[in-house]
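Colleague: I would like the atomic coordinates for the input below:
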Amino acid sequence: MDKYEAVIQLLMEAVKTDSTKDDSKIPVGVSNRHIHLSQEDLDALFGKGYELTNMKELSQPGQYACKEMVTICGPKGAIEKVRILGPVRKQTQIEILAADIFKLGKKAQPKMSGDLAGTPGITLVGPKGSVETKEGLIIAQRHIHLNPSDALKFGVHDGQEVSIKTEGIRGGIFDHVAIRVTDTSCLEIHLDTEEANAMGLDGSSTVTIVK
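Modeller: Here you go, the predicted model:
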């Protein structure tokens, strides 16, 4: 085999590999309970002018896990060491797991991030003070982040709801998965730890959209 035949063979193998690549898979991101704070509430909990400490970059551009943690207090109990995610937001948002409502004694419903009207408030305790929010307590609705190119490829649009399927011994279908399309999104489905555990998923797993 001369060098030209070798090059042609390599190109054919590359085409074959690309053609068999399954680009219908969506990476899974698993999130635990966490909090997004407004600057006002951050000041109240940690001191005036406090700045969050970036501990680890997250998959979505511009978002990061912080070193700082707070305690969530409800009528029946408290949950300590709840991680703050940055950067600060216009309004504080507390995302808990479904099972947390029993420990806290506070009801919460699945909601999309930012859709906080009519949601309950709760008490947050930090090293420098406490805050009683008027609203903002939610269970995060499962959702898929896509950029416009991804949305076009998968044939979906912002605000749509789809179903997703995963394989494996605990595999199955999740309905009511919201589509979120922004220019800066990185392709990923966000599930909380309860949802991921129910289907045996982790950060190395993938899912597909059910047509």
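Colleague: Going by C-alpha atoms from here, please, whenever you check contacts or count neighbours.
Modeller: Noted.
Colleague: show me the residues around the spatially most central residue of the chain that make contact.
Modeller: What sits nearest the mean C-alpha location of the chain, by CA atoms, centre = their mean, is His190, with 4.0 Å. Going by CA atoms under 8 Å, 6 or more residues apart in numbering, His190 touches Val28, Gly29, Val30, Ser31, Arg142, His143, Ile144, His145.
Colleague: elements contacting the longest strand seen in the chain?
Modeller: Longest strand in the chain, counting residues (DSSP state E): strand 78-89. For strand 78-89, the contact count by 3 or more CA pairs under 8 Å, 6 or more residues apart in numbering; DSSP states H and E identifies strand 34-38, strand 64-73, helix 100-104 as packing neighbours.
Colleague: tell me the pLDDT at the residue nearest to Lys103 when sequence neighbours are not counted?
Modeller: Using CA to CA, 6 or more residues apart in numbering and skipping the chain neighbours, the partner closest in space to Lys103 is Gly77 (5.5 Å). For Gly77, the model assigns a pLDDT of 98.
Colleague: sorry, back to before: check which helix or strand covers the residue nearest to the centre of the chain.
Modeller: Assigned by DSSP states H and E, His190 falls within strand 188-192.
Colleague: what mean pLDDT does that strand have?
Modeller: Strand 188-192 comes out at a mean pLDDT of 98.
Colleague: what element comes up after it heading to the C-terminus?
Modeller: Toward the C-terminus, strand 188-192 is succeeded by helix 193-198 as the next helix or strand (DSSP H and E).
Colleague: any idea how far the helix or strand following that following helix is from the chain center?
Modeller: Counting by DSSP H and E, the next helix or strand C-terminal to helix 193-198 is strand 206-210. Computed by CA atoms, centre = their mean, to the nearest Å, the chain-centroid distance of strand 206-210 equals 16 Å.
Colleague: now swap in stretch 180-190 and tell me
Modeller: Relative to its chain's centre, stretch 180-190 lies at 10 Å (CA atoms, centre = their mean).
Colleague: hey, C-alpha coordinates of it in PDB?
Modeller: This file holds the C-alpha atoms of stretch 180-190, laid out as PDB (Å, rounded to 0.1, in the frame of the first residue of the first chain):
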ATOM      1  CA  ARG A 180     -34.500  26.300  27.400                       C
ATOM      2  CA  VAL A 181     -32.800  27.900  24.400                       C
ATOM      3  CA  THR A 182     -30.300  30.700  24.800                       C
ATOM      4  CA  ASP A 183     -27.300  31.800  22.700                       C
ATOM      5  CA  THR A 184     -24.900  30.900  25.500                       C
ATOM      6  CA  SER A 185     -26.300  27.500  26.600                       C
ATOM      7  CA  CYS A 186     -24.300  24.300  26.600                       C
ATOM      8  CA  LEU A 187     -26.200  21.200  25.600                       C
ATOM      9  CA  GLU A 188     -27.200  19.300  28.800                       C
ATOM     10  CA  ILE A 189     -30.300  18.000  30.500                       C
ATOM     11  CA  HIS A 190     -30.600  19.100  34.200                       C
END
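Colleague: All set, thanks.
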